[in-house]
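Q: After the sequence you'll find the predicted model.
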Amino acid sequence: MSDDLLKDFELPQVETTFVPENDKSNNELSELSKRGYQLLKENNLSEARDLFTKILESEENNNYALVGLGDCERKQGHFREAIEFYSKCLSYHPTNNYALFGLADCYKALNQFHSAIGIWEQYLVHDDRNITVLTRVADAYRKTHDFKKSKDLYLKVLDMEENNAYALIGLGHLHYDFKEYRDALYYWTKMLECDDSMVDIRVLTSIGNCHRKLKTFEKGTIYFEKALARDPKNFYALFGMADCYRGMNQQFRSIEYWNKILEIDPNNKVILARAGDAYRNTGDYKTAAEYYNKALDIEFDVYAALGLALICKGEGKYEEAIERLSALVKTDPKNYRFYIDIADCYLKMNQKEKAVELLHSFGRFGIKSPAISDMLAKIQNS
């Protein structure tokens, strides 16, 4: 599973909507605003929009109506339209916090993190101890790969509120992103120590993934099992269990979980290839070939194609294996793995010179491969 399958833990939504105080000089507009925000809370966006629009017909720069219309658009995922309303409000009312929050959240949703950071920092000038804003800025810095600023802000939150869940989650992600898996484990595990039952299932799978990266597979299964107890069909937990058992060389257990995923998603070619690998490693070439071919029927998959080549090699069909592997070299000529397997086939056919020639040919790319060098040295010393 690629790291990008890991889902981000979202910070809490800031309620940018607000109910204006009763304005005796303009009671009708005040009542319309109150009703509009109530409709927003009820997710009745169409009627809310009509009311806010009616307010603007009477007062074109009404901050309540402009923010309300921004919220209507933002709740529908119309972030650029929302930005127009929030920006118009700020042009008339530069310190309106609700417009600032809404605008920053829209930029964040559009992955324009630098713009979001600028707006949140504008707010922090007036209130530098707002935990929600601090965690949002820290999260945005993490997305822009500014490790130091992100960590400093998360730690500032923890100084203000020990064991703040969003800061702990963010610090875990921050260290995970920078491949500091032990530090990520520290922060995510700390959440479990606070209240195991309240921890999001994604924290459990993230801890499991840290153990996968650290190759402490047995420990990883503990957390994936906890996740599966909550959701037996959770893809990340099933994948994690399968991959941990693969790492522990317990292929039969690995197969059990690959197949559980395929029961839910039978056309997942990546999982079909992984299951094929597991069956091949148990020596069940027939079933492995069936899985590899199912994957290839969906779409070309290099790992499924490689798996079929390795089955040929395992069955002593070296010429066919070389033919299949050579075809893969054409698709990815810089993949040293293919050269190793082809050379091994040549050696098994007592064609040492061809093996050496092939391994030397890899050097034309100017890439150093310890595996290629080690194999050449082993051949030459044999």
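A: Great, that's in hand. Bear in mind that the values here come from a model prediction, so they are computed numbers and not experimental data.
Q: CA only for contacts and neighbour counts going forward, please
A: Noted.
Q: Tell me where the stretch 151-300 of the chain has helices.
A: For the stretch 151-300 of the chain, the helices defined by DSSP state H, counting those that start in this stretch occupy 165-177, 181-195, 201-213, 217-230, 235-247, 251-264, 269-281, 285-298.
Q: N234: what's it in contact with?
A: Counting by C-alpha atoms under 8 Å, 6 or more residues apart in numbering, N234 makes contact with 227-228.
Q: okay, it: pLDDT?
A: The model reports N234 with a pLDDT of 97.
Q: what's the distance between it and Y257?
A: Distance, N234 to Y257, by C-alpha to C-alpha, to the nearest Å: 11 Å.
Q: now L310
A: According to C-alpha to C-alpha, L310 and Y257 sit 23 Å apart.
Q: Give me the more crowded residue out of the two.
A: Higher neighbour count among L310 and Y257: L310, with 24 against 21, using other C-alpha atoms under 10 Å.
Q: What strand or helix carries that one?
A: helix 302-314 (DSSP states H and E).
Q: If you count contacts, what does that helix end up packed against?
A: With contacts taken as 3 or more C-alpha pairs under 8 Å, 6 or more residues apart in numbering; DSSP states H and E, helix 302-314 sits against helix 269-281, helix 285-298, helix 318-331.
Q: got those helices as TSV, with mean neighbour count, mean pLDDT and distance to L56 columns?
A: Shown next, in TSV, are the helices and strands packed on helix 302-314 (neighbours: other C-alpha atoms under 10 Å; pLDDT from 0 to 100; distance: least, C-alpha to C-alpha, whole Å):
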stretch	mean neighbour count	mean pLDDT	distance to L56
helix 269-281	24	97	54
helix 285-298	19	98	55
helix 318-331	17	96	61
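Q: Distance to C72 for these - can I get that in JSON lines?
A: Listed next are the helices and strands packed on helix 302-314 as JSON lines, based on distance: least, C-alpha to C-alpha, whole Å:
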{"stretch": "helix 269-281", "distance to C72": "40"}
{"stretch": "helix 285-298", "distance to C72": "42"}
{"stretch": "helix 318-331", "distance to C72": "49"}
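Q: V125: which of these is closest?
A: Closest approach to V125 among those (C-alpha to C-alpha): helix 269-281, 48.8 Å.
Q: which outside residues touch the closest one?
A: 246, 251-252, 254-255, 258-259, 261-262, 285, 287-292, 294-296, 298-299, 301, 303-304, 307, 311.
Q: Can you check what angle separates it from helix 285-298?
A: 160 degrees (axes from the mean of the first three to the mean of the last three C-alpha atoms, to 10 degrees).
Q: Distance from helix 269-281 to the middle of the chain?
A: 23 Å (C-alpha atoms, centre = their mean, to the nearest Å).
Q: repeat for stretch 218-225
A: For stretch 218-225, the distance to the chain centre is 19 Å (C-alpha atoms, centre = their mean).
Q: just stretch 308-320 next, same as before
A: Centre-to-centre, stretch 308-320 and its host chain are 37 Å apart (C-alpha atoms, centre = their mean).
Q: Alpha carbons of stretch 78-98, as CSV, please.
A: C-alpha atoms of stretch 78-98 as CSV (Å, rounded to 0.1, in the frame of the first residue of the first chain):
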residue,chain,number,x,y,z
HIS,A,78,-18.2,25.8,-4.2
PHE,A,79,-15.0,27.2,-2.7
ARG,A,80,-14.1,29.8,-5.4
GLU,A,81,-17.6,31.3,-5.2
ALA,A,82,-17.4,31.3,-1.4
ILE,A,83,-14.1,33.2,-1.6
GLU,A,84,-15.8,36.0,-3.5
PHE,A,85,-18.3,36.5,-0.8
TYR,A,86,-15.8,36.3,2.1
SER,A,87,-13.4,38.7,0.3
LYS,A,88,-16.2,41.2,-0.4
CYS,A,89,-17.1,41.1,3.3
LEU,A,90,-13.5,41.7,4.3
SER,A,91,-13.2,44.6,1.9
TYR,A,92,-15.9,46.3,4.0
HIS,A,93,-15.2,44.7,7.4
PRO,A,94,-11.4,43.8,7.4
THR,A,95,-11.4,42.3,11.0
ASN,A,96,-14.5,40.0,10.5
ASN,A,97,-13.2,36.8,12.0
TYR,A,98,-15.9,34.6,10.5
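Q: start the count at 46, not 1, going forward
A: Let's use 46 as the start, then, which means that last one is stretch 123-143.
Q: what's next to that stretch, contact-wise?
A: Where contact means C-alpha under 8 Å, 6+ apart, the residues beyond stretch 123-143 that reach it are 61-63, 106-108, 111-112, 114-119, 144-145, 147-148, 151-152, 154-155, 168.
Q: please redo it, this time with the cut-off set to 10 Å
A: Contact with stretch 123-143 is made by 59-63, 105-121, 144-155, 165, 167-168, 171, as judged by C-alpha atoms under 10 Å, 6 or more residues apart in numbering.
Q: Just the ones of these in helices?
A: Taking DSSP state H as the definition of helices, the contacts of stretch 123-143 contribute 108-120, 144-154, 165, 167-168.
Q: that older thread, export the helices of the stretch 196-345 of the chain as CSV, with columns for distance to E402.
A: Shown next, in CSV, are the helices of the stretch 196-345 of the chain (distance: least, C-alpha to C-alpha, whole Å):
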stretch, distance to E402
helix 210-222, 41
helix 226-240, 41
helix 246-258, 36
helix 262-275, 39
helix 280-292, 34
helix 296-309, 35
helix 314-326, 29
helix 330-343, 30
